[in-house]
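Asker: The sequence and its predicted three-dimensional model are supplied below.
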Amino acid sequence: MIQRIQTIYLLIAAILTGSLFFLNMAEMADMENLYRLNWQGIFQVGSDGSMEIMIPGWALSTLTILATAVSLINIFLFKKRMIQIRLCALNMGLQLGLSGMIYYLGKSGAKELGASELSFNWPLVLPLIAIVFTYLALRGIGKDEALVRSLNRIR
C-alpha cells in the first residue's frame with residue numbers, strides 16, 4: 001500500500017484539503033469590523049479576539065469534510081483499483097467545487113456584509129493543488145490497472 005506512489009499523492013491531497021480546517025481562507029473589512037472566512041463560515045472578529053458567526057457555511061463545511069474523507073478512504077481501497085479511479089474523479093470534482101465555493105462565499109459574503117475590502121489568502125489555491133495530486137494518483141492507479149490486465153492476458 002505505502003510503496004505505491006499514488007498512495008503518497010492521495011495522502012498529500014488529503015493533507016492539503018485537511019489543512020483548510022485550520023486556516024483562514026479570506027478576510028473582509030469595512031470601516032469598523034473585520035470578518036474572516038474559514039471552513040465553518042464567515043465570522044466577525046472582535047477587538048478582544050472573540051469570533052461571532054455571521055454567515056454559516058454549511059456547503060463549504062460539507063465539501064471540505066467530503067474532499068478530505070474521500071482522499072483518506074481512497075488510500076485504503078488499494079485492492080479495488082476501478083473504485084479508486086472513480087473516487088479520484090469524484091474527489092477532483094469535490095475539490096474543484098470546494099475552491100469555487102470558497103471564492104463564491106467570499107465574494108457574496110463581502111457583498112452581503114457590506115465589506116469594502118476583500119482579500120483572499122493563499123489557502124484558496126490548496127484545493128487546486130490537491131486536484132493536481134489527485135490527478136497524478138489517478139494516472140498511477142490507471143497504470144497499475146493496465147499492468148494487471150496485461151499480465152492476465154499472458155496466462
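Answerer: That came in fine, so what should we check first?
Asker: May I have the strands that pair with the helix-or-strand element of the chain with minimal mean pLDDT, each with its orientation?
Answerer: When the helices and strands of the chain are scored by mean pLDDT, DSSP states H and E, strand 51-56 comes last with a mean of 85. When sheet partners are counted by DSSP bridges, strand 51-56 sits next to strand 41-45 (antiparallel).
Asker: Run through who's touching the strand it pairs with.
Answerer: With contact meaning C-beta atoms under 8 Å, 6 or more residues apart in numbering, strand 41-45 is reached by 28, 33-37, 51-58, 60-61, 105, 109, 113. C-beta coordinates here come from the backbone N, C-alpha and C atoms, glycine included.
Asker: Could I have the buried ones of the residues you listed as PyMOL selection syntax?
Answerer: Burial among the contacts of strand 41-45 is assessed by 16 or more other C-beta atoms under 10 Å; the matching PyMOL selection reads:
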select buried, resi 28+35+36+37+54+55+57+60+61+105+109+113
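Asker: which helices and strands does the lengthiest helix in the chain pack with?
Answerer: Longest helix of the chain, by residue count under DSSP state H: helix 81-113. Applying 3 or more C-beta pairs under 8 Å, 6 or more residues apart in numbering; DSSP states H and E, we find helix 81-113 packed against helix 5-18, strand 26-29, strand 34-38, strand 41-45, strand 51-56, helix 58-75, strand 117-120, helix 126-154.
Asker: Just put these in a markdown table and tack on distance to Leu90.
Answerer: Output for those, formatted as a markdown table (distance: least, C-beta to C-beta, whole Å):
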| stretch | distance to Leu90 |
| --- | --- |
| helix 5-18 | 13 |
| strand 26-29 | 26 |
| strand 34-38 | 24 |
| strand 41-45 | 25 |
| strand 51-56 | 25 |
| helix 58-75 | 6 |
| strand 117-120 | 26 |
| helix 126-154 | 10 |
